[in-house]
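# Fold the following, please.
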Amino acid sequence: MTILISLLRFCHGRLLLGAIFLLHYPCVAMAQRPDDFGVVSYSDGTIGITKYFGPNGNIVVPDTIEGLAVVRIERRSFSNYEGLTGVVIGSNVTTIDDLAFYNCRDLGKITFGVGVTNIGMGAFGFCSSLTNFTVTDPNPVFSSRDGVLFDRSQGTLIQCPFAKTGDYVIPDTVTSIAGDAFWICPSLTTVTIPDSVTSLGDSAFYGCTGLTSVTIGRGVVSIGPYAFGGCERLTNVTIPDGVTSLGQAAFASCTNLTGVTIGKGVVSLGDYAFGGNPGLTSVTIPGSVTNLGVAVFEGCDKLQAIEVEPANAVYRSVAGVLFDRNQKTILQYPGGAGGSYTIPNGVTTIGDEAFASCIVLTNVTIGNGVVTIGNLAFSGCKALAAVTISGSVTNIGENAFDSCYGLTNLTIGNGVLSIGAGAFEACISLVRVTIPDSVVGIGDSAFQYCHF
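Residues are numbered from 1 along each chain as shown. Okay, the predicted model is just below:
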């Protein structure tokens, strides 16, 4: 497609255009001059909006400018515009590109014309005053209800306006909640998800910092990555038995979360699914779970024990520490269990991030039998002062002890073959270490910022 960029200037036809607009949109103050818009011309004789130069307040994106159909609002064409309070989009517009109205902080209302069939990613992101989406009938793709944007059948909830407040009950016509649908809606306080909903998209409720309660319907099967990440005021969560999977960081950084009930149908918990929840004190993994991601509970600083139902065929808990069923791999140590810990004989692998961010752990003895220490296995254990690595260990993973600021006493057994990149990086209290003759490879920055 050949594209020609042009800026339409004031012409004698502006008053006629203004009159037409006033007849069609009698209640809206709008831009009346063609030179209020920068445009791009397309090879089919239509144009798109690239910039707005007109007055503040409520405006109309016209059906035509100087006889040419306006079919597109280009990427960032209105982004960061201050003083824009309402927009009515003309009936010829079919596409609103990514970030088109991004960060229009005074924008309170959007009315879509009948022709809009495609809305790009983040088109209305960070429109912090936005309370209402209205879709003009008979739009073939979108609809609205109570100011919220849906698909035509209202089976998919597409976007809640940023400034919607209080309690919200999702209609029981909805079967799926789109990714980012409630992304950073800070004034929502409670949400009820009906039994009709089966899936929650990626980041569906991410950053809803005012959300104190969510009821998840019994029909939900999957909860996407980051779905409730950063919901800082959420205190308790019950995941129904119908849910089978929780995506990566699904409930991460819910900093006031104190209670979690994981349903008995959950099969998979993604990486960091409940990471960064310092108020969480206990959790039980049901017997249904067969797939655990990395560091599911990392950064849960008060977590005293990770329990596993005895019927689980893949995992088990021993004294509150999470292992595989055969106790060959230690998967996660609870972040609130401080003091000293000796890894049992018989364990062969310390999993990736198994002890990461255990900030009250002070001493670790790695028992005979351990062969591999995984990547980031002890990273961020700030109080860890002493580590004894037995002679059975052959591989120390990348960044395995990274940022163990208090580490002063390190014994590396004569059996270690490789020390991974960044393995002891930023262990700033470590002033001396003896590398055994068995070591044949040391990765980049393995001891960077150590004081020796």
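# list the contacts for the nearest residue to G224 once chain neighbours are set aside?
Spatial nearest neighbour of G224, chain neighbours left out: D202 (4.2 Å); criterion: C-beta to C-beta, 6 or more residues apart in numbering. C-betas here are computed from N, CA, C, even on glycine. Going by C-beta atoms under 8 Å, 6 or more residues apart in numbering, D202 touches G179, D180, G224, P225, Y226, A227, G247.
# Give me the below-cutoff pLDDT ranges for the stretch 51-200 of the chain.
For the stretch 51-200 of the chain, applying pLDDT under 70 flags no range at all.
# mind listing the helices for it?
Read by DSSP state H, counting those that start in this stretch, the stretch 51-200 of the chain holds no helices at all.
# sorry, back to before: of the contacts of D202, which is the most crowded?
With neighbours taken as other C-beta atoms under 10 Å, the top of the contacts of D202 is A227, carrying 29 neighbours.
# Let me see the contact set for that residue.
Taking C-beta under 8 Å, 6+ apart as the contact definition, A227 lies against L200, G201, D202, S203, A204, F205, Y206, L246, G247, A250, F251.
# and with 6 Å instead?
The neighbours of A227, taking C-beta atoms under 6 Å, 6 or more residues apart in numbering as the test, are L200, A204, A250.
# Would you report which members of those residues are assigned to strands?
Those of these mapping onto strands are L200, per DSSP state E.
# want to try a markdown table for the contacts of A227, with neighbour count as columns?
A markdown table is the format used below for the contacts of A227 (neighbours: other C-beta atoms under 10 Å):
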| residue | neighbour count |
| --- | --- |
| L200 | 29 |
| A204 | 28 |
| A250 | 32 |
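# how far does stretch 431-442 stretch from start to finish?
By C-alpha to C-alpha, to the nearest Å, the extent of stretch 431-442 from end to end equals 18 Å.
# just stretch 157-165 next, same as before
From its first residue to its last, stretch 157-165 covers 17 Å (C-alpha to C-alpha).
# ditto for stretch 363-378
For stretch 363-378, the end-to-end distance is 11 Å (C-alpha to C-alpha).
# burial measure for the spatially closest residue to P161 that is not a sequence neighbour, as a count.
In this structure, P161 finds its nearest non-sequential neighbour in L130, 4.3 Å apart by C-beta to C-beta, 6+ apart. By the other C-beta under 10 Å criterion, the neighbourhood of L130 contains 25 residues.
# ok, L130 - contacts?
If you count contacts by C-beta under 6 Å, 6+ apart, then L130 has L107, P161, F162, A163 around it.
# can you do 7 Å?
L130 is in contact with L107, G108, F124, P161, F162, A163, counting by C-beta atoms under 7 Å, 6 or more residues apart in numbering.
# so what's S222 bridging to?
For S222, the beta-bridge partners are S199, S245 (DSSP bridges).
# what sits against G397?
Each residue near G397 by C-beta under 7 Å, 6+ apart is listed here: I373, G374, N375, A377, G420.
# nearest spatial neighbour of the last one, skipping sequence neighbours?
On the basis of C-beta to C-beta, 6+ apart, the spatially nearest residue to G420 that is not a chain neighbour turns out to be E398, at 3.8 Å.
# can you tell me how far that neighbour sits from L331?
According to C-beta to C-beta, to the nearest Å, E398 and L331 sit 18 Å apart.
# The two: which has the busier surroundings?
Counted by other C-beta under 10 Å, E398 and L331 do not tie: L331 has more neighbours, with 24 against 21.
# Which strand or helix spans the more buried one?
L331 belongs to strand 329-332 when elements are defined using DSSP states H and E.
# so after that strand, what's the next helix or strand?
strand 339-343.
# in its sheet, what does that following strand sit against?
Using DSSP bridges, the strands paired with strand 339-343 in its sheet are strand 361-366 (parallel).
# Kindly state the beta-bridge partners for S418.
N395, G441.
# tally of neighbours for the closest residue to G242 other than its chain neighbours?
In this structure, G242 finds its nearest non-sequential neighbour in R218, 5.3 Å apart by C-beta to C-beta, 6+ apart. If you count neighbours by other C-beta under 10 Å, R218 ends up with 14.
# On the pLDDT front, check R218 for me.
R218 carries a pLDDT score of 97 in this model.
# Check the secondary structure at it for me.
Put simply, R218 is coil when judged by DSSP: H, G, I helix; E, B strand; the rest coil.
# now swap in D35 and tell me
What three-state DSSP gives for D35 is helix.
# Please report how far it lies from G67.
With distances taken as C-beta to C-beta, D35 is found 15 Å from G67.
# Could you do S392 as well?
Distance, S392 to G67, using C-beta to C-beta: 81 Å.
# Could you tell me which residues make contact with N395?
N395 makes contact with T372, I373, L417, S418, according to C-beta under 7 Å, 6+ apart.
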